[in-house]
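Visitor: dropping the sequence and predicted coords here.
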Amino acid sequence: MANNHLSRRKFLGKTSAAIAGAALASGSASLNAASYERVKGANDRINIGFIGCGARSSDHQTMVKTSEKDKNLGVVAVCDIWALNREKAAANCKKLFGEEVKQFKYTEDMLKMSELDAVMIGTGDFQHAKVLAEVVKAGKDCYCEKPMATDVDDAKLARRAVLSSSQIVQMGSQWVSDPIQLKVRDIIRSGKLGQITKIEQVWNDNNPRWHVPTDPDVAAIRETDTDWNRWLLGKPYVPFDPWKYFEFRIFRDYSGGITSQWMSHGAGLVHFYTDTAIPDSMVANGGIFGWPDIRQNPDTFQALATYDDAKLLYSYTSNYASMFGDYTCIRGKAGTLFAHGGEGSSRWFLIPEHQDLPGGFDFYEGMKEAIKSGKAEIITTKEYDMKLGPVNVSDNSKYHLDNWIDCMRDRSKTPNGHIHTGFWHSVASIMATRAYREGKKLYWDRTKEEIVDHPVG
C-alpha cells in the first residue's frame, strides 16, 4: 500500500474488495481446492497445525481448545526443527484433544498435508514473515504471531504473498478483538474526546525478561539436535549458540526486544484506535540499565512518534526494573481515556475535560465518587458483565481466535488483525528499533515505502 494517508475505515473496504478479488483471480495462489471447500463450509471441521512449538505455541494450542467445540476445530500436525519441541507439542495436543497428530521437522513437508486447513505460527520474531509467506503460498490460512516482521523487506514479502493469495490471515495482536478495546475505538471515532493530540503507553516489568540463566532447554540442546542453518533463515552465519536459539528476543540480529515484542502491540493499538497507519517520524533512547547480562537489546526504552495528518504524538515507554504505574492515556481536547494497567488492560475510564480535579483523577481514593458524581465513567461491555474490567487479561484471546475462524468460514470478511495491520505495526516497531540503535530521528517515506533519515515531502 503506497498511500498510507487513507483512513483505516476507508481502507478496510478497499482491503476486503482486494482480498475478494484475489480469491477470484486465476492463478493468484496455489490454493488446495479440497481444503478451501472444507474450510468455507459452515459445519465442517477446520484442521489446524502449529509451526514453531515453543511456549507461545502451547498457548496457541490452548486457544484452539477453548473454541474446539463451538467452532468445530481439530488439530492434525505440529512442526519444529527441534525434536524435543515436536514431541512435547504432540503430547500436549494428545492431552488436550485426545488425538494423535503428525510430527514434522520441516514446514514444507507439513504444508503438503491435504487435510491441513490452517496454521498458527509461533516461531522466532525474525522468522514470522518468511514462514507466513510460505504458508499462504501453500494454500493454507494463517494466524501469525507478532511482530509480523523485524525487517521492512520481509514485511513487504509477507504482505505481497498474502495479498496475492486467497488466504485468511490474522495477526497475533490479539487486543484488536477484545470487546473493551473495540469500545474504546468506538468512543474515539464518535468524537467524544475531541481532537486527540497525544497517546501515552507506559508498560513495565521487573525481571530479566526473556533471559533465564538456568534455562533447561539451553543446557539440553546440541547443534546435532536441530538444523541451525534453517533456524537462521537467511541471517548471516554465526556458530551455533543455544542462547540465541531460545532467547532470540534479547539479541539484536533476531529481534528488537521491547520494540518487537511490546511496542508492536502498542503501535498496533494506536493505529487501531485512531485509524492511522505508520508513524511519520520516530526518535528513541534507552539502554541496558537494569539487567547487564548477555542481552544486546535494551531493558529500558522510550520512543516518541508523530502522525502528521492526525496531528498526534505517540509516546511509548517500558522498563524492566520497576513495574509500578502502568497505564495508557489517550488525551483529547474534550476528554481523556485512561487505562489503569499495562498491555491489554481492560480497566478503562473516560474523564471529560475542564473539570475541577486537582492533580488529575485519583483512582485509589476518588474513583467511586468521581464516577457517582458523573465526573468520570467506566468503560465496559456486556462481555465484561457491564463491570469494571480487570487489569490483567489473558494473551490467549478466544475473541481473536474466533474472529479468525469466523472469517475463514465466511471468506468475504476481513479479520480484525488483517495483513495491513501487521505491516503497519512492523514498520512502526522497526523505526523505533533503528532510531534507538542509530541515534537518529527517522522518517517514513509513504511513497517509496522506505525508512529515511530526513523529512519527507
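Guide: Structure's in. What do you need? Numbering: from 1, shown residues only.
Visitor: in what helix or strand does C142 lie?
Guide: Per DSSP states H and E, C142 falls inside strand 141-144.
Visitor: name the residues that touch that strand?
Guide: Around strand 141-144, the neighbours that count as contacts under CB atoms under 8 Å, 6 or more residues apart in numbering are 39, 60, 117-121, 128, 131-132, 135-136, 158, 167-172, 401, 404, 408, 422. Glycine gets a C-beta too; all of them are placed from N, C-alpha and C.
Visitor: any idea whether K440 is helix, strand or coil?
Guide: coil (DSSP: H, G, I helix; E, B strand; the rest coil).
Visitor: residues contacting E223?
Guide: So E223 contacts F240 (CB under 8 Å, 6+ apart).
Visitor: do you know the pLDDT at it?
Guide: Per-residue confidence at E223 stands at 97 (pLDDT).
Visitor: same check on K372?
Guide: pLDDT, read off for K372, is 79.
Visitor: list the contacts of the nearest residue to K105 once chain neighbours are set aside.
Guide: Sequence neighbours aside, I81 is the residue nearest to K105 in space, at 5.6 Å (criterion: CB to CB, 6 or more residues apart in numbering). I81 makes contacts with K105, Y106, T226, D227, R230, W231, as judged by CB under 8 Å, 6+ apart.
Visitor: one more time with 6 Å, if that's ok
Guide: I81 sits next to K105, T226, D227, R230 when contact means CB atoms under 6 Å, 6 or more residues apart in numbering.
Visitor: ok so, going back, tell me which of the contacts of strand 141-144 fall in strands.
Guide: A118, V119, M120, I121, V169, Q170, M171 (DSSP state E).
Visitor: would you turn those into CSV with distance to A432, neighbour count and pLDDT?
Guide: CSV is the format used below for the ones in strands among the contacts of strand 141-144 (distance: CB to CB, whole Å; neighbours: other CB atoms under 10 Å; pLDDT from 0 to 100):
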residue, distance to A432, neighbour count, pLDDT
A118, 31, 24, 98
V119, 29, 28, 98
M120, 26, 27, 98
I121, 23, 25, 98
V169, 24, 29, 98
Q170, 24, 29, 98
M171, 18, 31, 98
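Visitor: name the element W424 belongs to?
Guide: Using DSSP H and E, W424 falls within helix 419-438.
Visitor: next helix or strand past that helix?
Guide: By DSSP H and E, the next helix or strand past helix 419-438 is strand 442-445.
Visitor: buried sites along that next one?
Guide: By neighbour count on 16 or more other CB atoms under 10 Å, the buried set for strand 442-445 is L442, Y443, W444.
Visitor: quick one: the residues you listed as a markdown table, columns for pLDDT and distance to M386 too.
Guide: As requested, the buried residues of strand 442-445 are exported to a markdown table (pLDDT from 0 to 100; distance: CB to CB, whole Å):
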| residue | pLDDT | distance to M386 |
| --- | --- | --- |
| L442 | 98 | 44 |
| Y443 | 98 | 44 |
| W444 | 98 | 40 |
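Visitor: ok, the residues you listed vs A90, which is closest?
Guide: For the buried residues of strand 442-445, the residue nearest A90 by CB to CB is W444; the value is 42.9 Å.
Visitor: hmm, that closest one is touching I278, no?
Guide: Yes - contact criterion CB atoms under 6 Å: W444 and I278 qualify, at 5.3 Å.
Visitor: where do the helices sit along the stretch 101-250 of the chain?
Guide: 107-110, 128-137, 152-163, 179-190, 216-220, 228-232, 242-246 (DSSP state H, counting those that start in this stretch).
Visitor: who does the second one touch, helix- and strand-wise?
Guide: So that's helix 128-137. Counting contacts by 3 or more CB pairs under 6 Å, 6 or more residues apart in numbering; DSSP states H and E, helix 128-137 packs against strand 118-121, strand 141-144, helix 152-163.
Visitor: let me know which of those is tucked in deepest.
Guide: strand 141-144 (a mean of 28; mean count of other CB atoms under 10 Å).
Visitor: show me the helices in the stretch 301-450 of the chain, by range?
Guide: 367-372, 398-409, 419-438.
Visitor: contact partners for the residue most central in space within the chain?
Guide: The residue lying closest to the centre of the chain (CA atoms, centre = their mean) is S173, at 2.9 Å. S173 makes contacts with K146, H265, G268, G417, as judged by CB under 6 Å, 6+ apart.
Visitor: number of nearby residues for the second one?
Guide: In other words, H265. 25 (other CB atoms under 10 Å).
Visitor: re the thing from before, which of the helices of the stretch 301-450 of the chain sits most buried?
Guide: When the helices of the stretch 301-450 of the chain are compared using mean count of other CB under 10 Å, helix 419-438 is most buried, at a mean of 26.
Visitor: for stretch 441-457, measure first residue to last.
Guide: With CA to CA, to the nearest Å as the measure, stretch 441-457 spans 16 Å from end to end.
Visitor: flag every buried residue along that stretch.
Guide: Quick answer for stretch 441-457 (16+ other CB under 10 Å): L442, Y443, W444, R446, E449, I451.
Visitor: quick one: the first one and H454 touch, right?
Guide: Yep, that's L442 we're talking about. No - counting by CB under 6 Å, L442 stays clear of H454, with 9.3 Å between them.
Visitor: if we ignore the residues flanking it in sequence, what's nearest K333?
Guide: Distances taken as CB to CB, 6+ apart place G194 nearest to K333, at 4.0 Å, with adjacent residues excluded.
Visitor: my guess is the one you found contacts T336. True?
Guide: No - applying CB under 6 Å as the test, G194 and T336 come out as separate, 10.1 Å apart.
Visitor: tell me where the model's unsure across the stretch 1-150 of the chain.
Guide: 1-43 (pLDDT under 70).
Visitor: surely D453 and K440 touch.
Guide: Yes - contact criterion CB under 6 Å: D453 and K440 qualify, at 5.2 Å.
Visitor: of the helices of the stretch 301-450 of the chain, which is nearest V212?
Guide: Closest among these, using CB to CB: helix 419-438, at 23.0 Å.
Visitor: what's the angle between the closest one and helix 152-163?
Guide: 180 degrees (axes from the mean of the first three to the mean of the last three CA atoms, to 10 degrees).
Visitor: pLDDT on helix 419-438, on average?
Guide: Per-residue scores along helix 419-438 average to 98.
Visitor: what's near enough to touch I199?
Guide: Counting by CB under 6 Å, 6+ apart, I199 has contacts V270, Y314, I330.
Visitor: okay, it: pLDDT?
Guide: 98.
Visitor: and if you look at K368?
Guide: 71.
Visitor: extract the residue ranges of the stretch 301-450 of the chain that are flagged as low pLDDT.
Guide: Looking at the stretch 301-450 of the chain by pLDDT under 70, you get 356-367.
Visitor: try it again with 80
Guide: Scanning the stretch 301-450 of the chain for pLDDT under 80 picks out 355-373, 375.
Visitor: cheers, nothing more for now.
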